[in-house]
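[1] Predicted structure and sequence below. I'll ask about it afterward.
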Amino acid sequence: MNNLNDILKEATEGIKKASLSSEVENFRVRYLGRKGRITLAMSSLATLPIDQRKEAGKELNKIKQEVESMIEKRLSEITSLKRENLADGEWIDVTAPGIKHTVGHQHLVTQTIKDMVEIFSKLGFSVAEGPEIETDWYNFEAVNMPKDHPVRDTQDTFFINENLVLRTQTTPVQIRVMQTEKPPIRVIVPGKTYRRDSDVTHTPMFHQLEGLVVDETVTLADLKGTLEAFVRAFFGEERKTRFRPHHFAFTEPSIEMDVSCGICGGGGCRVCKYSGWVEILGAGMVHPNVLKNGGIDPEKYQGFAFGFGIERPAMLRNNIDDLRLFFDNDLRFLEQF
Ligand code: DAH
């Protein structure tokens, strides 16, 4: 009996101290396993005299049950302790606000192009595209700018080699369209253009929108009506327009168009240099040489064309005074639009 009490005492202390469930399991083996101390004591019962056997057996069973329940109790204590620690380390506040994912949006240039395309498509224009790396012939020669034309200077144009340039204008796409489409033609061409220029009003890359209409009876009056409709839709109904004679190699006659200044309403201010007008585009009747280079008979067809920078109207409409802001990619600027 003394021996049994020792076993119980030892087991009680050991199991209480165990901090890992594997340690507790070791105690189970040590006391209750096949060669465990309690198991062995059970089998030695047979060696006791009959009269003591019953009493000892009862006692031993009690001890066995006690050890078993101590083991189960300690195991569940260890598990719940583990859970508590886990809750400390991996605690999640499901009511906390989530991390905000910022959503981007279209660049002001893209938005402006979209607006312009929408206006012109209501006037019956479709959108055409051309390559940004263009041959010398398309960019210059075909639009009536011969080899000695001043803008062909390497000071102004990015030459890739003798025959290839980064297009300086969207005008070459006029030729590409005429070569692939039969009149009546009515297209606009928004796209990137490149010139060696950089200051408050110039960036080496900028965007233009070209327009071309070719049909049997197309006049300067059609050009004027089209551009006026565009200006009113883009800038507002109250805006006025005016044509001034100008020169472009690819149109004859050529004009420049001004719109009444949106800042001062035509009264004169710094933006319009106190003239009441701001120049926004070049245009004219397509030069017969250009029609010919596009494979169209100038005896039968005529056309008008126009071209303008996209950033400048966007600047005028949104009161932006530095063109370079468009391409600095500063979110504080871009997010305003
Ligand atoms: N290509 C001219 C430029 O870059 C703009 C232009 C003027 C286009 C008159 C035209 C036009 O189609 O008729 O300055």
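    Yep, it's here. Residues are numbered from 1 along each chain as shown.

[2] Could you check stretch 297-313 against the ligand for contacts?
    Yes - for stretch 297-313 and the ligand, the contact criterion (CB under 6 Å from any ligand atom) is met by 305-307. Bear in mind the C-beta positions are built from the backbone N, C-alpha and C, glycine included.

[3] Next, the buried residues of that stretch.
    Using 16 or more other CB atoms under 10 Å as the test for burial, stretch 297-313 gives 301-313.

[4] Closest to the ligand out of these?
    Gly307 (2.4 Å; CB to the nearest ligand atom).

[5] And the contacts of the strand or helix carrying that closest one?
    Assigned by DSSP states H and E, Gly307 belongs to strand 302-309. Under the criterion CB atoms under 8 Å, 6 or more residues apart in numbering, residues 169-171, 174, 183, 185, 206-220, 222-223, 226-227, 250-251, 257, 280-286, 291 lie in contact with strand 302-309.

[6] Kindly recompute the last result at 6 Å.
    Identification of contacts with strand 302-309 by CB atoms under 6 Å, 6 or more residues apart in numbering yields 206, 208-214, 218, 223, 251, 280-283, 285-286.

[7] Check these one by one and keep those near the ligand.
    Within these, those near the ligand by CB under 6 Å from any ligand atom are 210, 251, 282-283.

[8] and the longest helix seen in the chain, average pLDDT?
    Across the chain, the longest stretch assigned as helix under DSSP state H is helix 50-89. If you average the pLDDT over helix 50-89, you get 87.

[9] And the residue of the stretch 1-150 of the chain that's closest to the ligand?
    For the stretch 1-150 of the chain, CB to the nearest ligand atom, closest residue to the ligand: Val143, 7.8 Å.

[10] what's around the nearest residue to that residue once chain neighbours are set aside, how many residues?
    Excluding the flanking residues, the one nearest Val143 by CB to CB, 6 or more residues apart in numbering is Phe250, at 4.2 Å. Phe250: 23 surrounding residues under other CB atoms under 10 Å.

[11] Glu237 too?
    7.

[12] now swap in the one 4 residues further on and tell me
    Here the count is done by other CB under 10 Å, and Thr241 has 18 residues near it.

[13] What residues does it make contact with?
    Contacts of Thr241 were listed using CB under 6 Å, 6+ apart, and they are 228, 231, 257, 259.

[14] Quick one: residues contacting Glu132.
    By CB under 6 Å, 6+ apart, the contact set of Glu132 is 167, 192.

[15] if we go to 7 Å?
    Going by CB atoms under 7 Å, 6 or more residues apart in numbering, Glu132 touches 166-167, 192.

[16] which one among the residues you listed gets closest to Asp6?
    Lys192 (93.2 Å; CB to CB).

[17] tell me which element the closest one is part of?
    In this structure, Lys192 sits in strand 185-194 according to DSSP H and E.

[18] Walk me through which strands the very next helix or strand once past that strand pairs with, and which way each runs.
    Of the helices and strands lying after strand 185-194 in sequence (DSSP H and E), the nearest is strand 205-215. Here strand 205-215 has these sheet partners by DSSP bridges: strand 185-194 (antiparallel), strand 302-309 (antiparallel).

[19] so how far is the very next helix or strand once past strand 205-215 off the chain centroid?
    Toward the C-terminus, strand 205-215 is succeeded by helix 220-235 as the next helix or strand (DSSP H and E). Once both centres are worked out by CA atoms, centre = their mean, to the nearest Å, helix 220-235 turns out to sit 33 Å from its chain's centre.

[20] Could you list the residues in contact with helix 220-235?
    Taking CB under 7 Å, 6+ apart as the rule, helix 220-235 contacts 115-116, 119-120, 123, 213, 239, 241, 243, 257, 259, 262, 283, 285, 304, 306, 313, 317.

[21] Mind checking which of these are buried?
    115-116, 119-120, 213, 239, 241, 243, 257, 259, 262, 283, 285, 304, 306, 313.

[22] Need the buried residues of stretch 297-313 in JSON lines (columns: pLDDT).
    Below are the buried residues of stretch 297-313 laid out as JSON lines (pLDDT from 0 to 100):
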{"residue": "Tyr301", "pLDDT": "98"}
{"residue": "Gln302", "pLDDT": "97"}
{"residue": "Gly303", "pLDDT": "98"}
{"residue": "Phe304", "pLDDT": "98"}
{"residue": "Ala305", "pLDDT": "98"}
{"residue": "Phe306", "pLDDT": "98"}
{"residue": "Gly307", "pLDDT": "98"}
{"residue": "Phe308", "pLDDT": "97"}
{"residue": "Gly309", "pLDDT": "96"}
{"residue": "Ile310", "pLDDT": "97"}
{"residue": "Glu311", "pLDDT": "95"}
{"residue": "Arg312", "pLDDT": "92"}
{"residue": "Pro313", "pLDDT": "94"}
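
[23] I'd like the contacts of Thr241 laid out as CSV, including distance to Leu48.
    Formatted as CSV, these follow (distance: CB to CB, whole Å):
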residue, distance to Leu48
Glu228, 121
Val231, 117
Met257, 122
Val259, 118
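
[24] closest to Gly295 among those?
    Nearest to Gly295 among those: Met257, at 28.6 Å, using CB to CB.
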